[in-house]
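# Okay, sequence plus prediction incoming.
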Amino acid sequence: MPYPYFYGFDWTYLYIVLPCLLLSFITSARVNSTFKRYSSQISSRRITGAEAAQRVLSANGVRNVRIEKVSGNLTDHYDPKSNIIRLSDAVYSSASTAAIGVACHEAGHAAQYAHNYFPIKIRAAIIPITNFGSKLAMPLILLGILLSSFAAFSYSLVYLGIGFFALSLVFQLVTLPVEFNASRRAMEAIESAELLTKEEQKGARKTLSAAALTYVAAVAIAAAQLLRLVLLFGNRRSRD
């Protein structure tokens, strides 16, 4: 029975994709547990997440960025279109080291846009292409397979679909330096403005480090899924 099938079972999912999904589950659980742990560590200066984000913006000379509260758990994000930092309930009004770390991270994204940080400009530019490609990828692959029996060129649609799917991996790769840089900016601002003591900074740093691993897991999943498609349909073409 030719690889990657064995009695109708697709082993590529078990060997390639599933380990990455488990990694993603573990990193997500670690983010939640780390955030919960350091949410109970209240900073001695009693600065809230919203106040900390505002200080990071001021330190970077960033103006006209609003800070708002948003519902949900760890739904914190910076919206460049509306120029708003949205902080979740557990971050906006909290004075914990975890909340301050997360809030400063989002302020770091605002600073990236304000200072024309190159990787974030690339990410913003490819978002429409990535969204478009992700919607077309699987339909093109399936259409190419269905038509492959009638026209030889139709299998090119499969490769085109895989190429579109590869854009998701490109997006995740570009996201890595963006997220790491935002965390670095956050910690530098926390240290320079003395928002947290040396001991308290450990809580913010560990929270951001745990969050960073989720982006590494996202890269792994995208790479694994792309490799699976190549193995599946490349092998199918050889059998045909």
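Yes, it's here. Residues are numbered from 1 along each chain as shown.

# For the most centrally placed residue in the chain, list the residues it contacts.
Residue closest to the average C-alpha location in the chain (Cα atoms, centre = their mean): Tyr215, at 4.4 Å. Listed by Cβ atoms under 8 Å, 6 or more residues apart in numbering, the contact partners of Tyr215 are Gln172, Thr175, Leu176, Glu179. To be clear about C-beta, it is placed using only N, CA and C from the backbone, and glycine gets the same treatment.

# quick one: it from Pro139, how far?
28 Å (Cβ to Cβ, to the nearest Å).

# Flag the shaky bits of this structure, pLDDT-wise.
Where the chain drops to pLDDT under 70, the residues are 1-10, 148-155, 234-240.

# ok so, going back, which among the contacts of Tyr215 gets closest to Gln225?
Gln172 (10.7 Å; Cβ to Cβ).

# Figure out the helix or strand that the closest one lives in.
Element membership for Gln172, per DSSP states H and E: helix 156-192.

# The following helix or strand past that helix vs helix 156-192, what angle?
Next in sequence after helix 156-192, counting helices and strands by DSSP H and E, comes helix 198-239. Per axes from the mean of the first three to the mean of the last three Cα atoms, to 10 degrees, the angle that helix 198-239 makes with helix 156-192 is 170 degrees.

# in stretch 217-230, what counts as buried?
Ala217, Ala218, Val219, Ala220, Ile221, Ala222, Ala223, Ala224, Gln225, Leu226, Arg228, Leu229 (16 or more other Cβ atoms under 10 Å).

# likewise stretch 40-56?
Gln41, Ser43, Ile47, Thr48, Gly49, Ala50, Glu51, Ala52, Ala53, Gln54, Arg55, Val56.

# Between the two ends of that stretch, what distance do you get?
Start and end residues of stretch 40-56 are separated by 23 Å (Cα to Cα, to the nearest Å).

# can you list contacts of that stretch?
Against stretch 40-56 from outside (Cβ under 8 Å, 6+ apart): 67, 69, 85, 87, 91-100, 102-104, 106-108, 111, 185-186, 189-190, 193-197, 200, 203.

# can you rerun that using 6 Å?
Contact with stretch 40-56 is made by 67, 85, 87, 91-97, 99-100, 103-104, 107, 189, 193, 195-197, 200, 203, as judged by Cβ atoms under 6 Å, 6 or more residues apart in numbering.
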